[in-house]
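Trainee: Structure here, sequence nowhere to be found:
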């Protein structure tokens, strides 16, 4: 069985908790472990933190066959440059590589999208 959710929300920090609620709801529905949920929330905070503007950001989530796939965007190249930077000497990409199995940046729909995959347990 596959669940898929697509959410469009403002990119401002005040709206990021909505993404957390959606992730939490999907995790509860699919009976994901607390550790997997926490990893996903860390990943989403890292990626969504690259945007702080007046436009919308689209978050797509799909869970099938024990694998969670997420796509977040669109981003400008300047915003994604933040992935390789980070406060305290810890680049955001390193955080993503730690909590996700696969991290890719792909161009589509006139922008760049961050695609994440993670093997999840029940």
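Mentor: Arrived safely. All values reported here derive from a predicted model rather than from experimental measurement.

Trainee: Can you tell me the centre-most residue of this protein?
Mentor: Nearest residue to the geometric centre of the chain (C-alpha atoms, centre = their mean): residue 44, 3.6 Å.

Trainee: Tell me the buried residues in the helix or strand harbouring that one?
Mentor: In the assignment (DSSP states H and E), residue 44 maps to helix 34-48. Buried residues in helix 34-48, counted by 16 or more other C-beta atoms under 10 Å: 36, 37, 39, 40, 41, 43, 44, 46, 47, 48. Quick note: C-beta positions are derived from backbone N, CA and C, even for glycine.

Trainee: now do stretch 23-37
Mentor: Here stretch 23-37 shows 23, 26, 27, 30, 32, 36, 37 as buried, counting by 16+ other C-beta under 10 Å.

Trainee: I would like the residues contacting it, please.
Mentor: 3, 5, 40, 41, 44, 61, 63, 68, 118, 120, 121, 122 (C-beta atoms under 8 Å, 6 or more residues apart in numbering).

Trainee: ok, now with 7 Å
Mentor: Stretch 23-37 is contacted by residues 3, 5, 40, 41, 44, 61, 63, 118, 120, 121, 122 when judged by C-beta atoms under 7 Å, 6 or more residues apart in numbering.

Trainee: now, which of those residues lie within strands?
Mentor: 3, 5, 61, 63, 118 (DSSP state E).

Trainee: and the first one, how many neighbours?
Mentor: The criterion is other C-beta atoms under 10 Å. On that basis, residue 3 has 13 neighbouring residues.

Trainee: Tell me the pLDDT of it.
Mentor: You'll see residue 3 listed with a pLDDT of 71.

Trainee: and if you look at the third one?
Mentor: pLDDT for residue 61: 91.

Trainee: re the thing from before, for the ones in strands among the contacts of stretch 23-37, which entry has the maximal number of neighbours?
Mentor: Most surrounded of these: other C-beta under 10 Å gives residue 61, at 23 neighbours.

Trainee: so that residue touches residue 71, yeah?
Mentor: No - using C-beta atoms under 7 Å, residue 61 is not in contact with residue 71; the gap is 8.3 Å.

Trainee: now the helices: where do they sit in this protein?
Mentor: Secondary structure of the chain (DSSP state H): helices at 16-29, 34-48, 77-80, 92-99.
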